[in-house]
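Student: how does the following fold in three dimensions:
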Amino acid sequence: MDAAFRTLDGAVTDDRGLVHLGNPLSEQRSLARGTSIAPLADRSVLAVTGEDRLSWLDSLTSQALNALAPGESTELLVLDPHGHIEHAASVIDDGATAWLIVEKNGAQALATWLTRMRFRLRVEVRDASEEYSVFGASRSGAKLVTAAEPAGVPLVWVDPWPAVSVGGWAYAVAEPHPGSARDWVEVIATHGEAKRVAAAAAAGDIAISGLAAVDALRVAAWRPRWLRETDERTLPHEVDWLRTAVHLSKGCYRGQETVAKVHNLGHPPRRLVALQLDGSDSTLPAVGADVLKGETVVGSITSVALHYEDGPIALALVKRTTPIEEVLLVQTDDGVITAAQEIIVPPEAGATAGVPRMPRLSRRTRAT
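Tutor: Numbers count the residues shown, from 1 in each chain. A predicted model of the protein is given here:
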């Protein structure tokens, strides 16, 4: 259904879908106010059916899903044996099917991996993207599109960010958290409903925002995204994803040992920071641009946006040891620009167990 939105007046598109309709700052404002919706053509929908679906997903992923109630929203991570993030999914169950909203770029790989892990359990995995589209909006904006209800439960995923989910842990210490002002849901709708929305938008009856607006609001909320904030080395701790996607006291799953060890005894090697970029030259860095302390590269940009209130902003992964008071530099095509840090994951994140050091044998006091 992406094609119907690409033909709207003023549409600017790329390989992801509709980027904006000519005024991305205004589109951010209307999306935040609940007067527009955004077609999320860069999302796919996976459907997991079968009696064992929740306990099975629970055993494979970072989230506790055994008791997930129909209509309840959560998110999960699939980790490799060393605790690095391989996949992420937003999850809502309707009592018959667990619906996973995932990045389109990773949907096929995730569906293939899940299918391989079925063994003899009563589960089936299918890519439902040929049947359903995804829209993003605030709760009030979501009323502009009718959610699918194949089992009588509206498929509206409510983003739990930045609240700390049961079993989760927050590293960001900002109060209030910037994400608390972001009201965000994602609606799974039939392709027929998507056609209706596109026709209403073409007629001027529904306001549409593009992916640029969606991402700008996300970056301002410090919200990690699998497509942007992860690489082959990313641990959940580094991007503050223990907050909503990891249950620290659930049963065993792949990668759990590393998650527990880093959280309880160690520190994540990198940390996510928010950057306020110098906007005097109207130059935004590219995703992947180097972040420098003086002449030393200490990290890279993961997401960047021009926000309708905050101006040029970015998220970056930097070395844990990068001084928090340091004004950083970011490489652009036109040279370097300055960037002020806002701490998301502090350098001291982790080591929560407070295990005391055992004294060396040679230093033990002797009884007199």
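Student: T258 versus V185, what's the distance?
Tutor: Separation of V185 from T258 (Cβ to Cβ, to the nearest Å): 32 Å. In short, each C-beta sits where N, CA and C put it, glycine included.
Student: helix, strand, or coil at Q108?
Tutor: With DSSP: H, G, I helix; E, B strand; the rest coil as the basis, Q108 sits in helix.
Student: skip the chain neighbours and tell me the closest residue to it.
Tutor: Once flanking residues are discounted, Q108 sits nearest to D127: 7.2 Å by Cβ to Cβ, 6 or more residues apart in numbering.
Student: tell me the contacts of that neighbour?
Tutor: Contact partners of D127, counting by Cβ atoms under 8 Å, 6 or more residues apart in numbering, are S44, V45, L46, A47, A107, Q108, A111.
Student: narrow these to those in strands?
Tutor: Of those, the ones assigned to strands by DSSP state E are S44, V45, L46, A47.
Student: want to throw those into JSON lines with pLDDT, neighbour count and distance to R116?
Tutor: As requested, the ones in strands among the contacts of D127 are arranged in JSON lines below (pLDDT from 0 to 100; neighbours: other Cβ atoms under 10 Å; distance: Cβ to Cβ, whole Å):
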{"residue": "S44", "pLDDT": "98", "neighbour count": "25", "distance to R116": "18"}
{"residue": "V45", "pLDDT": "98", "neighbour count": "24", "distance to R116": "20"}
{"residue": "L46", "pLDDT": "98", "neighbour count": "22", "distance to R116": "14"}
{"residue": "A47", "pLDDT": "98", "neighbour count": "22", "distance to R116": "17"}
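Student: closest to S303 among the residues you listed?
Tutor: Among the ones in strands among the contacts of D127, S44 lies closest to S303 (Cβ to Cβ), at 20.1 Å.
Student: if I look at that closest one, how far off is H84?
Tutor: Distance of S44 to H84, given as Cβ to Cβ: 22 Å.
Student: do A4 as well
Tutor: Going from A4 to H84 by Cβ to Cβ gives 38 Å.
Student: with H177 instead?
Tutor: Look at H177 and H84: by Cβ to Cβ, they are 25 Å apart.
Student: helices of the stretch 101-250 of the chain, start to end?
Tutor: 104-116, 191-202, 211-220, 226-229 (DSSP state H, counting those that start in this stretch).
Student: which one, of the ones you listed, ends up nearest to E325?
Tutor: Nearest to E325 among the helices of the stretch 101-250 of the chain is helix 211-220; the distance by Cβ to Cβ comes to 22.4 Å.
Student: how far off centre is the closest one?
Tutor: Mean-position distance between helix 211-220 and its chain equals 11 Å (Cα atoms, centre = their mean, to the nearest Å).
Student: now do that helix, average pLDDT.
Tutor: Mean pLDDT, computed over helix 211-220, is 98.
Student: pick out the most distant pair among the contacts of D127.
Tutor: For the contacts of D127, and using Cβ to Cβ, no pair is farther apart than A47 and Q108, which are 14.3 Å apart.
Student: what number of residues lie near G251?
Tutor: Other residues lying near G251 total 11 when counted by other Cβ atoms under 10 Å.
Student: next: D94.
Tutor: Around D94 there are 19 residues (other Cβ under 10 Å).
Student: swap in G106?
Tutor: Using other Cβ under 10 Å, G106 is surrounded by 19 other residues.
Student: state the distance from the most centrally placed residue in the chain to D333.
Tutor: Central residue check for the chain by Cα atoms, centre = their mean: the C-alpha nearest the mean position is that of R225, 3.0 Å away. Counting by Cβ to Cβ, the separation of R225 from D333 is 24 Å.
Student: pLDDT below threshold where in the chain?
Tutor: Across the chain, the ranges flagged by pLDDT under 70 are 1, 354-368.
Student: swap the cut-off to 50 and go again
Tutor: 355, 357-368 (pLDDT under 50).
Student: mind listing the strands the longest strand that it contains pairs with, and their directions?
Tutor: Secondary structure of the chain per DSSP E: the longest strand is strand 296-307. Strands flanking strand 296-307 in the sheet, each with its direction: strand 290-293 (antiparallel), strand 311-319 (antiparallel) (DSSP bridges).
Student: what's in contact with that strand?
Tutor: By Cβ under 8 Å, 6+ apart, strand 296-307 touches 24-25, 28, 212, 215-220, 225, 228-229, 270, 272-273, 275, 277, 284-292, 312-319, 322, 328, 330.
Student: what angle sits between that strand and helix 211-220?
Tutor: Counting by axes from the mean of the first three to the mean of the last three Cα atoms, to 10 degrees, strand 296-307 lies at 120 degrees to helix 211-220.
Student: picking that back up, tell me the one of the ones in strands among the contacts of D127 nearest I37?
Tutor: V45 (16.7 Å).
Student: hang on, isn't that closest one packed against E103?
Tutor: No: under the criterion of Cβ atoms under 8 Å, V45 makes no contact with E103, lying 11.4 Å away.
Student: distance from the chain centre to stretch 199-211, please.
Tutor: Taking Cα atoms, centre = their mean, one finds stretch 199-211 lying 25 Å from the centre of the chain it belongs to.
Student: once you drop chain neighbours, what's closest to V145?
Tutor: With Cβ to Cβ, 6+ apart, the residue lying closest to V145 is F135, at 5.0 Å.
Student: and if you look at G167?
Tutor: H247 (3.3 Å).
Student: ok, which stretches of the stretch 1-150 of the chain are strands?
Tutor: In the stretch 1-150 of the chain, the strands defined using DSSP state E, counting those that start in this stretch lie at 12-14, 17-20, 36-39, 43-49, 73-79, 85-93, 97-103, 124-127, 132-137.
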